[in-house]
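[1] Predicted model follows, preceded by the sequence.
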Amino acid sequence: MAALPLARLRLYKPAFYSTGVDCFGPFLLKIGRRVEKRWGILYKCLTTRAVHIDLLHSLDTDSFLLSLRRFMACRGSPVELLSDQETNFRGGERELREAFQSMSHDLQQRLAPQKIAFHFNPPASPHFGGVWEREIRSIKMALSATIGAQSVSEEVLRTVLIEVENILNSKPLGYVSSNVADLDPVTPNLLLTGRLDSSLPAVIYPKEEGLSHRRWKHSQVLADHFWSSFIRHYLPNLQVRHKWHHTGPDITQGTVVMIMDPQQPRAHWQVGMVVRVHPSQDSKVRSVDVQVEGKVYTRPVARLVVLPPIPEEDKEELQIPTVA
């Protein structure tokens, strides 16, 4: 296991300087007599661990760019944005790049300091974004137990997501002392607002209010359910942390590997050869390009199985390329 990446150690930088982003959902909304789907989007500061949650009307490029504008208006413009290979993120990066290239040279020089650098994880490698993927998992587990298959109004769902954001931003970042004379713990809310807790005091409503027509009471009941599920499923996992200390050999160019892909049909094995390696900042190889039957796939090394070398006379029969 390598040291923390630079995006996790942006000292003396504002919150959301380095941000990870991902989507989750869908949720069922009741709008009039019809039921529609909505998705959530999570922006996570990789240094302060603060989160910003917003609601998406769809998973297309326009919805992502509108959400990014709302996020920048609330939290400021990030310098780098890390995500997976979802089409809405790819499309948003392409549209912003093309819009920047169409500007005049003088305008490009003026806007260059505000340009966002997009960094995409290799395909089929969710562990590259473990910081925000783990947050997504905890939110989805708690919200699935809270909302489930019931359809709520858009106003209630938006309120619940903001309440969830406040719950996640109120988590202590370090040790919490039991002595009242000690200093208060540092939380993301403290780093964002400069004060301990900016939310209203929690009010406990009976579960029967979840079926009430008073939408503001319904949202509070859902927030209470999220909190109880969050405590039960997420916090116990924070006590366990495994770290490996032994360095293994890196995969080199020309290595024959088998790709582990759960989407492949049964008894279908993708065997190919590594034609290019992508060293990380610590010179360790964590993603490579694998050529399989004339196609090149970028995959993380965690999804590869190194096979014994194949004799030269068998490579043509298996359609495995030779590396000069």
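    Structure's in. What do you need?
[2] Okay, Ala15 and Val79: tell me how far apart.
    Between Ala15 and Val79 the computed distance is 12 Å (CB to CB, to the nearest Å). Glycine gets a C-beta too; all of them are placed from N, C-alpha and C.
[3] typo on my end, Ile259
    Remark: distance between Ile259 and Val79 (CB to CB) = 34 Å.
[4] what do you get for Arg34?
    For Arg34, the distance to Val79 - CB to CB - is 41 Å.
[5] between those two, who's got more neighbours?
    Legend: neighbour count by other CB atoms under 10 Å for Arg34 and Val79, higher for Val79 (18 against 8).
[6] surely that one meets Ile116?
    Yes. Applying CB atoms under 8 Å, one finds Val79 in contact with Ile116, separated by 7.0 Å.
[7] Give me the number of neighbouring residues for Trp269.
    Neighbour tally, Trp269, other CB under 10 Å: 10.
[8] Quick check: it touching Met258?
    Yes. Counting by CB under 8 Å, Trp269 touches Met258, with 5.9 Å between them.
[9] Give the residue spans of the stretch 101-250 of the chain that score low on pLDDT.
    Low-confidence segments of the stretch 101-250 of the chain (pLDDT under 70): 145-146, 148-149, 174-184, 196-220, 222-245.
[10] ranges for the strands of it?
    Here the stretch 101-250 of the chain has its strands, by DSSP state E, counting those that start in this stretch, at 117-120.
[11] And the pLDDT at Thr47?
    We have a pLDDT of 86 for Thr47.
[12] Which stretches in the protein count as helices?
    Here the chain has its helices, by DSSP state H, at 61-75, 87-101, 105-111, 130-146, 154-169, 188-193, 215-233, 312-318.
[13] so which of the ones you listed is the most packed in?
    For those, the largest average neighbour count (mean count of other CB atoms under 10 Å) is found in helix 154-169, namely a mean of 20.
[14] by contact count, what packs against it?
    Helix 154-169 sits against strand 18-31, strand 34-45, strand 51-56, helix 130-146, helix 188-193, helix 215-233, with contacts defined as 3 or more CB pairs under 8 Å, 6 or more residues apart in numbering; DSSP states H and E.
[15] Now do the third one against helix 130-146, angle only.
    Put plainly, it is strand 51-56. If you take axes from the mean of the first three to the mean of the last three CA atoms, to 10 degrees, strand 51-56 sits at 60 degrees to helix 130-146.
[16] strands paired with strand 51-56, and their directions?
    Counting by DSSP bridges, the strands paired with strand 51-56 are strand 34-45 (antiparallel).
[17] how about the partner strand: buried residues?
    Neighbour counts using 16 or more other CB atoms under 10 Å place Arg38, Trp39, Gly40, Ile41, Leu42, Tyr43, Lys44, Cys45 of strand 34-45 among the buried residues.
[18] Ok, stretch 13-20 next?
    Buried-residue list, stretch 13-20, by 16+ other CB under 10 Å: Pro14, Ala15, Phe16, Tyr17, Ser18, Thr19, Gly20.
[19] How about residues contacting stretch 111-126?
    Where contact means CB atoms under 8 Å, 6 or more residues apart in numbering, the residues beyond stretch 111-126 that reach it are 77-85, 89-90, 93, 96, 100, 103, 128-129, 133, 261, 278, 287, 297-300, 302-303.
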